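Trainee: give the three-dimensional model of this entry:
(chains A and B)
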Amino acid sequence: MEALSCGERRLGSEEEYAAPAVGVSLCDSAPLVWRMQDLRAVRAEGLVGALLGSLPRTPRQNGRLGRPLLLLPEEEGLLRERRAAAALPDRCQDWGGAELRQKHEEEEKRSFEEQSVLALEDRKLALLRAMTGAESGATSADEALRRRLQALDQNFTFPQSAMAVQLSTARAGLSYCPEARAFLQAYGPPGAEPRCDARYQVFRDLRGRGFYLTSAGKFGGDFLVYPGDPLRFHAHFIAVCVSLDESVCLLDVLAVARLGSNVKKTVLLCSPGPDARVCYTSLQWSGMI
Amino acid sequence: MSGASGGEKRPPPNWILQHPAQMKDLQIEDSAQVHAAFLVYMDLTEVRRWKEVSCVKSSELQVVLLEAREKEGAPTLTILPLPAHQSVTHKSIRHVLDRGFPVLLCAVAADSTLVYQRMTDGLVTPDPPVGPFQDMGRRQHRKRRQQR
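Mentor: Modelled structure (predicted):
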């Protein structure tokens, strides 16, 4: 079921690049990945993203989250650059909300009828067991049970509130039209927004060196840099992206360096250089009190 | 030099200006930075007793840099003293790193507190956490069960 279908092979001149495109749904400007095969493909490219959804079986916790996967702007940019991402529409045009609701109600009604039948059988079995159990007991109790059994067929009602509701978790609940796809174009010319551009250059360089990057909101930096998959390693670096000419207050440098040493990570000052190379400066505690 | 009128005491000369470190000769306009450099110089020489402490002028950045060794035989370090309220660019840090020695950035606060920060080119892996490590196992689950 999770196998990549042929319908997703990319058409066009780049036939030798066999990896199929990842379907990205844009919710306003947030790039979301919904389908399992897309999530696997994204992870295989070394992009981590952040899971946003709640899991149906364990809703009231924040430790393990489910789909969709939110991509960083830099991750989306990298997919665009590699021409590996395609836009999916938010919802399919054919299926309206009313039809979905009707389908759901029909399914529920069918389930209710099935469950009523099963509940009646269960009740009868229980009474029979009670009767046979009281073989040696008083016959008046036995008679009462027998009468109840006969009345059961007429009087039994299965309340709606007792119905077990099935949540279908296999189905993502999202419709998609494989035909209506446009490849996400690459971003505009660089230098449009210096801070964003610096971040993207740094992201691309570090990813190219094999590091995994996630957002570093908890640590006040731009990225957390892992030497391998985040599920296996702790982060080694907190990357702070600045342009070479950007003036940074010395107190901020001290603050982020101090934070880094408290959490056993090296703070990296990263700046894209003029020759498409990125220069890195590691900040470490000097050990001089 | 000679007292003009009797009873009027001349203020003692500013010992900082007369200090043999001779930073004034380097002709840096940013006097706050020169003062910061002087304080770091005093800290390294008198308090920490580092060896071969000398001042160098950086013409691109127009600042006073210090070069010193922690002890005999230790590698030379470049120290960049800056007042804490100032800003710095990554480019200037790269300039100092380009000198080829490991760099110590020293931030000098208004009350003369000094904070030293080591700066290195490239990606320096942090020291790993020290063991012994204990496998937490089911402890967290057990704790939560007991709380219920």
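Trainee: where does residue 95 land on pLDDT?
Mentor: Chain wasn't specified; assuming chain A. In this model, A:W95 is scored at 52, pLDDT.
Trainee: hmm, no, I was thinking of chain B.
Mentor: B:H95 is assigned 93 on the pLDDT scale.
Trainee: for it, list the residues it contacts.
Mentor: Counting by C-beta atoms under 8 Å, 6 or more residues apart in numbering or on different chains, B:H95 touches B:58, B:60-61. C-betas here are computed from N, CA, C, even on glycine.
Trainee: one more time with 6 Å
Mentor: Contacts for B:H95 (C-beta atoms under 6 Å, 6 or more residues apart in numbering or on different chains) come out as B:60-61.
Trainee: how near is it to B:T78?
Mentor: Between B:H95 and B:T78 the distance, using C-beta to C-beta, to the nearest Å, works out to 10 Å.
Trainee: show me the shaky parts of the stretch 151-289 of chain A.
Mentor: Across the stretch 151-289 of chain A, residues meeting the criterion (pLDDT under 70) sit at A:167-195.
Trainee: how about the strands in it?
Mentor: A:182-183, A:212-215, A:223-226, A:237-241, A:247-249, A:266-272, A:278-285 (DSSP state E, counting those that start in this stretch).
Trainee: same thing with chain B?
Mentor: For chain B, the strands defined by DSSP state E occupy B:51-58, B:63-69, B:76-83, B:87-89, B:103-108, B:114-121.
Trainee: does any bit of the second one sit next to chain A?
Mentor: In other words, strand B:63-69. No - counting by C-beta under 6 Å from any C-beta of the partner chain, chain A is not contacted by strand B:63-69; separation bottoms out at 11.9 Å.
Trainee: in that strand, which residues are buried?
Mentor: Residues of strand B:63-69 classed as buried: B:63-66, B:68 (neighbour count, 16 or more other C-beta atoms under 10 Å in any protein chain shown).
Trainee: check the offset of stretch B:78-87 from the chain's centre.
Mentor: 7 Å (C-alpha atoms, centre = their mean, to the nearest Å).
Trainee: re earlier: could you work out the most separated pair of the buried residues of strand B:63-69?
Mentor: Maximum pairwise distance in those, criterion C-beta to C-beta, is 15.9 Å, between B:V63 and B:A68.
Trainee: burial check on the residue lying closest to A:P272 once chain neighbours are set aside, number of neighbours?
Mentor: When the adjacent residues along the chain are set aside, A:P272 lies closest to A:Q201, with 3.8 Å between them (C-beta to C-beta, 6 or more residues apart in numbering or on different chains). As a burial measure, A:Q201 scores 21 neighbours (other C-beta atoms under 10 Å in any protein chain shown).
Trainee: middle-most residue in the chain, spatially?
Mentor: Because you didn't say which chain, this covers chain A. Centroid-nearest residue in chain A, with C-alpha atoms, centre = their mean: A:R67, separated by 2.5 Å.
Trainee: not quite, I wanted chain B
Mentor: B:C106 (2.2 Å).
Trainee: what residues of the helix of greatest length in chain A count as buried?
Mentor: Assignment by DSSP state H gives helix A:97-133 as the longest helix of chain A. Buried residues in helix A:97-133, counted by 16+ other C-beta under 10 Å: A:116, A:119, A:131.
Trainee: can you report how many residues lie near the nearest residue to the second one once chain neighbours are set aside?
Mentor: If I follow you right, that is A:A119. Nearest residue to A:A119, sequence neighbours excluded (C-beta to C-beta, 6+ apart): A:F158, at 4.8 Å. For A:F158, the count of nearby residues is 16 (other C-beta under 10 Å).
Trainee: low pLDDT regions in chain B?
Mentor: By pLDDT under 70, the low-scoring segments of chain B are B:1-8, B:20-24, B:139-148.
Trainee: tell me which parts of it are close to chain A?
Mentor: Taking C-beta under 6 Å from any C-beta as the contact definition, chain B meets chain A at B:82, B:84, B:86-91, B:93, B:104, B:107, B:115-120, B:122-126, B:129.
Trainee: could you redo the last one with a cut-off of 7 Å?
Mentor: Contact residues, chain B versus chain A (C-beta under 7 Å from any C-beta of the partner chain): B:82, B:84, B:86-91, B:93-94, B:97, B:104, B:107, B:115-126, B:129.
Trainee: was I right to think A:P68 contacts A:P31?
Mentor: No - at 9.5 Å, A:P68 does not count as touching A:P31 under the criterion of C-beta atoms under 7 Å.
Trainee: about what we covered before: any idea which of the strands of chain B is most buried?
Mentor: Among these, strand B:103-108 has the highest mean neighbour count (mean count of other C-beta atoms under 10 Å in any protein chain shown), at a mean of 23.
Trainee: who touches that strand?
Mentor: A:250, A:254, A:286, B:36, B:39-40, B:77-84, B:96-97, B:114-119 (C-beta atoms under 7 Å, 6 or more residues apart in numbering or on different chains).
Trainee: tell me the strands beside it, with direction?
Mentor: Neighbouring strands of strand B:103-108 in its sheet, by DSSP bridges, are strand B:76-83 (parallel), strand B:114-121 (antiparallel).
Trainee: what angle separates the first one from strand B:51-58?
Mentor: Going by axes from the mean of the first three to the mean of the last three C-alpha atoms, to 10 degrees, strand B:76-83 is angled at 60 degrees with respect to strand B:51-58.
Trainee: show residues contacting strand B:76-83.
Mentor: A:250, B:32-33, B:36-37, B:40, B:65-69, B:88, B:96, B:99, B:101-108.
Trainee: likewise for stretch A:152-172?
Mentor: Outside stretch A:152-172, the residues touching it (C-beta under 7 Å, 6+ apart) are A:34-35, A:56, A:111-112, A:115-116, A:119-120, A:123-124.
Trainee: next one: that stretch to chain centre, how far?
Mentor: 30 Å.
Trainee: could you list the buried residues of it?
Mentor: A:F158.
Trainee: just to revisit the earlier point, thought the residue nearest to A:P272 was touching A:G273?
Mentor: No - with contact defined as C-beta under 7 Å, A:Q201 does not reach A:G273; the gap is 9.1 Å.
Trainee: identify the bridge partners of the nearest residue to B:I93 once chain neighbours are set aside.
Mentor: Closest residue to B:I93 apart from its sequence neighbours, by C-beta to C-beta, 6+ apart: A:T281 at 5.8 Å. For A:T281, the beta-bridge partners under DSSP bridges are A:L269, B:D121.
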